[in-house]
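Asks: sequence first, predicted coordinates after that:
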Amino acid sequence: MARRASSSNNPFLITGIIVAVAALIFGGKFLISKKPKSFTNLNPLVVQDLLDNGNSLRNNEYLIAGKIDERFFRDGNTSSVVSVRINAVSGEEIVPVVIPSKFNKLNIEREQRYTIIVRFEQGGIPVATEINRL
């Protein structure tokens with residue numbers, strides 16, 4: 001009489017499947033819960049302070065939220081300059097922001113809303129350190 005093949009499940013296979021499913025679940029939770037850097041802990045830029053004396057803002061970081069009005073590229077320089085329309089107490093104001101070359105891979109488009117963390121350099125020139133599209 002011939003022997004029949006064993007039909008029992010391999011315990012290593014079952015354990016491997018359980019471990020793989022658990023890894024997928026925990027990995028998915030980790031990726032979903034990962035949030036972008038929060039911009040809420042910064043003070044928003046007061047445009048009147050910039051207009052009064054931009055140099056007094058030097059070495060400070062502020063939050064700018066607004067629409068991109070125009071983007072300008074400078075000859076022989078990899079960085080660009082954008083003009084951002086923001087709502088101020090006195091009405092709508094335009095603030096120029098230097099966008100360093102590290103953000104060249106971002107597709108910054110006109111008429112799109114962005115939040116930008118700027119650090120004021122010598123002479124009151126705002127330079128972007130972080131950019132988020134809204």
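Replies: Received the coordinates, thanks.

Asks: where in this structure is pLDDT low?
Replies: 1-8, 31-40 (pLDDT under 70).

Asks: if you set the cut-off to 50 instead, what comes out?
Replies: Nowhere does the chain drop to pLDDT under 50.

Asks: what's the strand with the most length in it packed up against?
Replies: In the chain, with assignment by DSSP state E, the single longest strand is strand 61-73. Contacts defined by 3 or more Cβ pairs under 8 Å, 6 or more residues apart in numbering; DSSP states H and E place strand 61-73 against strand 80-88, strand 91-99, strand 113-121, strand 125-133. No exception for glycine: its C-beta is placed from N, CA and C like everyone else's.

Asks: pull the distance from the first one to the chain's centre.
Replies: Here the centre of mass of C-alpha atoms in strand 80-88, compared against the chain's by Cα atoms, centre = their mean, to the nearest Å, lies 17 Å away.

Asks: just the angle between the longest strand of the chain and strand 80-88, please?
Replies: Here strand 61-73 runs at an angle of 130 degrees relative to strand 80-88 (axes from the mean of the first three to the mean of the last three Cα atoms, to 10 degrees).

Asks: what does strand 61-73 rub up against?
Replies: 39, 42-45, 80-87, 94-95, 97, 99, 108-120, 126, 129, 134 (Cβ atoms under 8 Å, 6 or more residues apart in numbering).

Asks: and if you look at stretch 96-112?
Replies: 64, 67-71, 78-84, 114, 116, 118, 121, 125-128, 131, 133-134.

Asks: next, the distance between the ends of it.
Replies: 15 Å (Cα to Cα, to the nearest Å).

Asks: the longest helix in the chain is where?
Replies: Selection of the longest helix in the chain by residue count, based on DSSP state H, yields helix 11-33.

Asks: buried stuff in that helix?
Replies: Within helix 11-33, not a single residue qualifies as buried, counting by 16 or more other Cβ atoms under 10 Å.

Asks: pull the helix or strand that that helix is followed by out as PDB, backbone CA atoms only.
Replies: Following helix 11-33 in sequence order, the next helix or strand is helix 47-53 (DSSP states H and E). What follows is helix 47-53, C-alpha atoms only, in PDB (Å, rounded to 0.1, in the frame of the first residue of the first chain):
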ATOM      1  CA  VAL A  47       4.600  93.700   7.500                       C
ATOM      2  CA  GLN A  48       4.700  97.100   9.200                       C
ATOM      3  CA  ASP A  49       7.900  96.100  11.100                       C
ATOM      4  CA  LEU A  50       9.500  95.100   7.800                       C
ATOM      5  CA  LEU A  51       8.500  98.400   6.200                       C
ATOM      6  CA  ASP A  52       9.600 100.500   9.100                       C
ATOM      7  CA  ASN A  53      13.100  98.900   9.500                       C
END
